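> Sequence and computational prediction follow.
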Amino acid sequence: MSDRPIPITVLTGFLGSGKTTLLRHLLGQPDMSETAVLMNELGEIGLDHLLLREVAEDIVLLRSGCLCCKLRGDMVTALRNLFLERVRGGIPEFRRVVIETTGLADPAPILHTLMTDPLIGARYRLDGIVATIDAVNAATQFDHHREAVKQAAIADRLVLTKTDLADPQALSLLRDRLRALNPAAPIIEAIQGAIPPEAVLGCGLFDGTAKTPDVAGWLKLESHHAHDHHPDGVESFALLIDRPVPWDSLVMALELLIATRGEHLLRLKGIIAAEGFDTPFVVHGVQHLFHPPAALPAWPDADRRSRLVFVTRDLGRKPVQAVLSAALPGHSIECF
């Protein structure tokens, strides 16, 4: 059994956006054979034809070799029980977990739990957030449901579904809207739920198997540029700091933003050059909660500047830039 933390992918998306179809396809792929899936009710996903046998309370084994667990209560308890059953040999080995949220769920509380629970942090790691987007109905959903906007805004991958049913012009406008809403997330088109697993897995930074962390891919800085508020009130922008920063001053600035504007900080990712350190730190957070900084063994490229990528709602780039500028006098902070 490997001692490496088990990667967790959070699969979110609004009602009817195709999470079930996508998950059903993924679980049928050979690369997904050692996957445990947490969902609210097994019946919702229509996996009866894939079920093989019950191997533990509320856990069934699929013909593909995947495990499916009913998430009826506390997610922390479910993840703990899964790991303990794995250690005891009560269930087959699994090397990744997929958590499917309900269509109306705000994914932020799930991310908070994954980032703060000590046992989960010791055994699991957040790999990434995948959001399914209904190509036919997403525009209307975004206009009327803030949860749908938030699901798309904080995702690491956006999977467009039902594109064969969508009007081509409306689909083009939706793609533009998604790029403005979340320019860092690649947009992937699924045909009848079919996409290769590698398109949506391994999209986080914290992969211990990688020789060099893909910070550029994680931040995708080249896609970010300053722009006016999106119609949904969501804005994505990046701040570039010219030279190493005093760590305590940066932490103070981020804590101030959390305390005063936490509900508006949908997501933050960054790589930080701190004074007194030769190698960088990475930070990431969701709303009122930020993950403890993680040290990287080396810089991933020749660029040694700090880079912070923000996704905000009803909070423009200027207030954020002002807080950091006040905390880091003498530093040039460019917004793009």
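Here it is on my side, so go on.
> Doesn't Ile129 lie inside a strand?
Yes: checked against DSSP: H, G, I helix; E, B strand; the rest coil, Ile129 lies within a strand.
> Test my guess that it contacts Ala155.
Yes: with contacts counted by CB atoms under 8 Å, Ile129 reaches Ala155, the gap being 4.7 Å. The way it works is simple: take the backbone N, C-alpha and C, and place the C-beta from them, glycine included.
> Quick check: neighbours shared by these two?
Applying CB atoms under 8 Å, 6 or more residues apart in numbering, one finds that Ile129 and Ala155 are jointly contacted by Thr12.
> So between these two, which is more surrounded?
More neighbours surround Ala155 than the other of Ile129 and Ala155, with 30 against 27 (other CB atoms under 10 Å).
> what's across from the closest residue to the more buried one other than its chain neighbours in the sheet?
Excluding its sequence neighbours, the residue lying closest to Ala155 (CB to CB, 6 or more residues apart in numbering) is Ala131, at 3.7 Å. Beta-bridge pairing of Ala131 under DSSP bridges involves Thr12, Leu158.
> close enough to count as contact, Ala131 and Leu160?
No: with contact defined as CB under 8 Å, Ala131 does not reach Leu160; the gap is 10.1 Å.
> Who has more neighbours out of these two?
When Ala131 and Leu160 are compared for neighbours, Ala131 comes out ahead with 28 against 23, by other CB under 10 Å.
> for this protein, what helix or strand is lowest in average pLDDT?
strand 51-56 (a mean of 52; mean pLDDT, DSSP states H and E).
> for the residue nearest to Ala155, what are its contacts?
Thr12, Gly13, Gln151, Ala152, Ala155, Arg157, Leu158, Val159, Ala185.
> what do you get if the cut-off is 7 Å, keeping everything else the same?
Taking CB atoms under 7 Å, 6 or more residues apart in numbering, we find Ala131 in contact with Thr12, Gly13, Gln151, Ala152, Ala155, Leu158, Val159.
> Point out where the stretch 101-250 of the chain drops to low pLDDT.
204-232 (pLDDT under 70).
> Can you show me the helices along it?
Applying DSSP state H, counting those that start in this stretch to the stretch 101-250 of the chain gives helices spanning 108-116, 118-123, 138-144, 146-153, 168-181, 215-219, 247-261.
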